[in-house]
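J.: pasting a predicted model and its sequence here:
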Number of protein chains: 2
Amino acid sequence: MTDTTKVAGGVCAPRGFRASGVAAGIKPGSAEKDCALVVSLARAVAAGTFTTNRFKSPPAQWSENICRHGAARAVFVNSGNANACTGEQGMADAVATAEEVAEALGFASQEVCVLSTGVIGVPLPMDRIAEGVRGCAGALSEDGSHDAALAIMTTDTVPKQMALEVPLRSGAVRIGAIAKGSGMICPNMATMIALITTDAAVEAAPLAQLLRQAVAVSFNRISIDNDMSTSDATIVLANGASGAPALAPGSDDFDAFGEALREVCTKMAQALVRDGEGATKFVEIAVSGAATDEDAKAIARAVATSQLCKTAFFGQDPNWGRIACAAGYAGVPFDPSHVSVWLDDLAIMTKGRAADYDEAEAEARMRRPEFAIRIEVGNGPGTSVYWSSDLSHKYVEINADYRT
Amino acid sequence: MTDTTKVAGGVCAPRGFRASGVAAGIKPGSAEKDCALVVSLARAVAAGTFTTNRFKSPPAQWSENICRHGAARAVFVNSGNANACTGEQGMADAVATAEEVAEALGFASQEVCVLSTGVIGVPLPMDRIAEGVRGCAGALSEDGSHDAALAIMTTDTVPKQMALEVPLRSGAVRIGAIAKGSGMICPNMATMIALITTDAAVEAAPLAQLLRQAVAVSFNRISIDNDMSTSDATIVLANGASGAPALAPGSDDFDAFGEALREVCTKMAQALVRDGEGATKFVEIAVSGAATDEDAKAIARAVATSQLCKTAFFGQDPNWGRIACAAGYAGVPFDPSHVSVWLDDLAIMTKGRAADYDEAEAEARMRRPEFAIRIEVGNGPGTSVYWSSDLSHKYVEINADYRT
């Protein structure tokens, strides 16, 4: 485990990055910030992971293409309008946005990623976007991460940012991040977006590989409502401004950096679950004893996404039957008589049957805002962890009643 | 389309069947009926489909084995206790229940299917079961279907039964059914159970095939909460008492009978959705234009089970963005610019973009208790239909708060 240190500054904690967030009137009838810009002073290596939804939004398509080429200098994000299901106009608007940013900063548009989150099916208000781009370009600052984190929010209730210092043998580097999530809605559909910056020097292909590995065990291991949006995206920019030498794949420093990147992604993913729409509980689902990690993941996912388990979490009901049942339909072979379940440290199901536990003790654990469900399905080496929120009245309210 | 006629009598509408339902105190602190018995006067051909959950309950295992041998004379069902996650005692109790029924009726225990639905992890109260068996055996009647339908209910709010007369060339036959469903809970976990009777003569292998085909497009096409229980079961008994000759696979009569069986299963499945826990809407999701029926089914399923679509149905919100989005993550290839969506007859999304529709007209349709979402994803021949309920405050209440 790399001995990382938390530092302030979010995406501007790594050297050579500036950020800003402004209000441009894209969120209808709101004075809230809705445009964010993150810029690397030097050309940076870029990598990204993007939604696999067939209705992938034009900005996500644009940014995915840029990340495929491996270099970028800026990421512009607007909230309030997802520019999704907007046809050919949508792609033209995404390109025009990148061009606006490029012109304002003196870059090429091919160096500018753009992302959009918010209402779908409505064309981007390009005059507002232009105003947002100019505002963001003028407000860029070393202290701009908080504003950027605010500007990308939709139904999020708190901005999410963090940064770590990573002591590598070849010198310290930093990794910063902002993210938004919360559910997939606001007002039609929100989205998960994470922007990560680092002053480490990493080449494009190994950076993309590290990001994929980190996302697989962080953002892809959370369940708020199990709906994947048209705009989900994670982008990382690595500008090498720390002065530390390029990280060679296979080296100890490379592995330590990868571990720190995973730490950042995991902490941000957990922050999304904690701020999930209507969430009152943060629940870790840990599965062990499966034949493979994939098997363990399928079981953890079934429990983490089960509507019945999630309502039981909300109801503070130690309902091991629902947990066992969800594990049972995950499509993974196991012997039911070898399955045990714990609520934190308390056994609630042992070898396929009810454990002899005190109901009051179980309920006391579930009254806490955070608890863990541990599921052992056998003696295999496979393990996995998921993080889930509960399904509350508030979730139904947010998602059923927002138009009224 | 076979020209079937609705008839009264439920599972006793076909000749040679008797049924009953009694209260034996298995539902704790309740005077409600909780034991049901359906009996064929003559030995019948039997077929069944059962949950694939790894925690398949001992009674479901017992009955599956009997159906595999293709003959039975009785099905006994108790509600209030699922006899699931009960270890070796659970199987011993399932066998003992079958033996009680066999003794009361003068059958062999190998001719008696048993099913249980209700709380899991608690051993069956065998003294109550014995009382229920005796009560049911004594109460068997040609008018007993309604009592049996009542006795298998858990969180269901209405009993579900029906019967059809099917005019075959070789003579009329009847198909009757009772079913329960509602969600997977009460208080730990309820379940889908359907018992079907017919006085047609069909051999075991073709009957099993027809049942599998019927279940695939009926009970496997509904979504209340997407959780598959440990006890889901459909059992059909065919006793040949109509006097019509045995249905030869491939004959017109065989096909007509299969169609009628599908009609019964579909109507009962729809009845389960209409009585879904907390359901205020019955929504048909019809997908067309996919490359294959399997592709269409994956898309229909994604929309029917999306938490966001279901809350939008509850909120009476014509949110085509959520529908398109769910279709987009179904894992099926299609061109987004070829996708159109209708709400009943009203186009709300056309060729990948918002249709030009009147919001008030859309909302008026969604205020109805039943409506259809039609999704066209291209020009392919693949089609599929799913039936879904909405996700309401009441669902969360039922499933979160039942212990308090």
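T.: Structure's in. What do you need?
J.: how about the strands in the stretch 101-250 of chain A?
T.: For the stretch 101-250 of chain A, applying DSSP state E, counting those that start in this stretch gives strands covering A:112-119, A:160-168, A:171-180, A:193-198, A:222-223, A:233-238.
J.: got those as a markdown table, with mean neighbour count columns?
T.: For glycine as for every other residue, the C-beta is placed from the backbone atoms N, C-alpha and C. Formatted as a markdown table, these follow (neighbours: other C-beta atoms under 10 Å in any protein chain shown):
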| stretch | mean neighbour count |
| --- | --- |
| strand A:112-119 | 29 |
| strand A:160-168 | 22 |
| strand A:171-180 | 25 |
| strand A:193-198 | 30 |
| strand A:222-223 | 22 |
| strand A:233-238 | 28 |
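J.: residues in contact with residue A:148?
T.: The neighbourhood of residue A:148, defined by C-beta atoms under 8 Å, 6 or more residues apart in numbering or on different chains, consists of A:10-11, A:19-21, A:36-38, A:77, A:161, A:178, A:195.
J.: now do residue A:125
T.: Applying C-beta under 8 Å, 6+ apart, the residues contacting residue A:125 are A:25-26, A:81.
J.: flag the shaky bits of chain A, pLDDT-wise.
T.: Across chain A, the ranges flagged by pLDDT under 70 are A:1-2, A:182-190, A:223-229, A:401-404.
J.: let's see 80
T.: Within chain A, the stretches with pLDDT under 80 are A:1-2, A:28, A:182-191, A:223-231, A:277, A:395-404.
J.: quick one, which residue of it lies the farthest from its center?
T.: Within chain A, residue A:356 marks the point farthest from the mean C-alpha position, 38.7 Å out by C-alpha atoms, centre = their mean.
J.: circling back: just the buried members of the contacts of residue A:125?
T.: Applying a neighbour-count criterion of 16 or more other C-beta atoms under 10 Å in any protein chain shown, the buried members of those are A:25-26, A:81.
J.: which residues of the stretch 51-200 of chain A fall in helices?
T.: A:58-69, A:87-105, A:126-139, A:145-151 (DSSP state H, counting those that start in this stretch).
J.: buried residues, the lengthiest strand in chain A. List them.
T.: Ranked by number of residues, the top strand in chain A under DSSP state E is strand A:35-50. Neighbour counts over strand A:35-50 (16+ other C-beta under 10 Å) mark A:35-40, A:44-50 as buried.
J.: of the contacts of residue A:125, closest to residue B:253?
T.: The closest of these to residue B:253 turns out to be residue A:81 (C-beta to C-beta; 59.8 Å).
J.: now do the same contact list for that closest one.
T.: Applying C-beta under 8 Å, 6+ apart, the residues contacting residue A:81 are A:26, A:116, A:118-119, A:122, A:124-125.
J.: in CSV, list the buried ones among the contacts of residue A:125 along with distance to residue B:236.
T.: Output for these, formatted as CSV (distance: C-beta to C-beta, whole Å):
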residue, distance to residue B:236
A:25, 63
A:26, 58
A:81, 54
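J.: not counting its neighbours along the chain, what's nearest the closest residue to chain B within the stretch 201-350 of chain A?
T.: In the stretch 201-350 of chain A, the residue that lies nearest chain B is residue A:315 (3.2 Å; C-beta to the nearest C-beta). For residue A:315, ignoring the flanking residues on the chain, the nearest one in space by C-beta to C-beta, 6 or more residues apart in numbering or on different chains is residue B:400 at 3.2 Å.
J.: that neighbour reaches residue A:322, doesn't it?
T.: No. Taking contacts as C-beta atoms under 8 Å, residue B:400 lies outside contact range of residue A:322: 11.4 Å.
J.: tell me which of the contacts of residue A:125 is nearest to residue B:135?
T.: For the contacts of residue A:125, the nearest to residue B:135 is residue A:81 (64.7 Å; C-beta to C-beta).
J.: against residue B:82, how distant is the closest one?
T.: Using C-beta to C-beta, to the nearest Å, we find residue A:81 at a distance of 49 Å from residue B:82.
J.: show me how chain A divides into domains.
T.: Following automatic domain parsing, one finds the domains of chain A at A:5-274, A:282-400.
J.: the stretch 201-350 of chain A: helices as residue ranges?
T.: For the stretch 201-350 of chain A, helices defined by DSSP H, counting those that start in this stretch occupy the ranges A:204-216, A:252-274, A:293-305, A:307-314, A:320-328.
J.: compare those helices and give me the one nearest residue A:147.
T.: Using C-beta to C-beta, these put helix A:252-274 closest to residue A:147, at 17.6 Å.
J.: from the contact counts, what lies against that closest one?
T.: strand A:160-168, strand A:171-180, strand A:193-198, helix A:204-216, strand A:222-223, strand A:282-290, strand A:382-389 (3 or more C-beta pairs under 8 Å, 6 or more residues apart in numbering or on different chains; DSSP states H and E).
J.: roughly how far is that helix from the heart of the chain?
T.: Put simply, helix A:252-274 sits 11 Å off its chain's centre (C-alpha atoms, centre = their mean, to the nearest Å).
J.: would you mark the buried spots in it?
T.: The neighbour-count check on helix A:252-274 (16+ other C-beta under 10 Å) flags A:253-254, A:256-258, A:260-274 as buried.
J.: could you do stretch A:205-215 as well?
T.: A:206-208, A:210-211, A:214-215.
J.: measure residue A:81 to residue B:209 for me?
T.: Taking C-beta to C-beta, one finds residue A:81 at 52 Å from residue B:209.
J.: quick one, phi psi at residue A:239?
T.: Here is the backbone geometry of residue A:239 (degrees, to the nearest 10): phi -100, psi 0.
J.: doesn't residue A:196 make contact with it?
T.: No. Between residue A:239 and residue A:196 there is no contact under C-beta under 8 Å: 11.8 Å.
J.: got TSV for the helices and strands packed on helix A:252-274, with distance to chain B too?
T.: Shown next, in TSV, are the helices and strands packed on helix A:252-274 (distance: least, C-beta to the nearest C-beta, whole Å):
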stretch	distance to chain B
strand A:160-168	21
strand A:171-180	17
strand A:193-198	16
helix A:204-216	16
strand A:222-223	10
strand A:282-290	12
strand A:382-389	12
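J.: would you list the ones you listed in JSON lines and tack on distance to residue B:327?
T.: What follows is those, written out as JSON lines (distance: least, C-beta to C-beta, whole Å):
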{"stretch": "strand A:160-168", "distance to residue B:327": "29"}
{"stretch": "strand A:171-180", "distance to residue B:327": "24"}
{"stretch": "strand A:193-198", "distance to residue B:327": "22"}
{"stretch": "helix A:204-216", "distance to residue B:327": "24"}
{"stretch": "strand A:222-223", "distance to residue B:327": "20"}
{"stretch": "strand A:282-290", "distance to residue B:327": "28"}
{"stretch": "strand A:382-389", "distance to residue B:327": "24"}
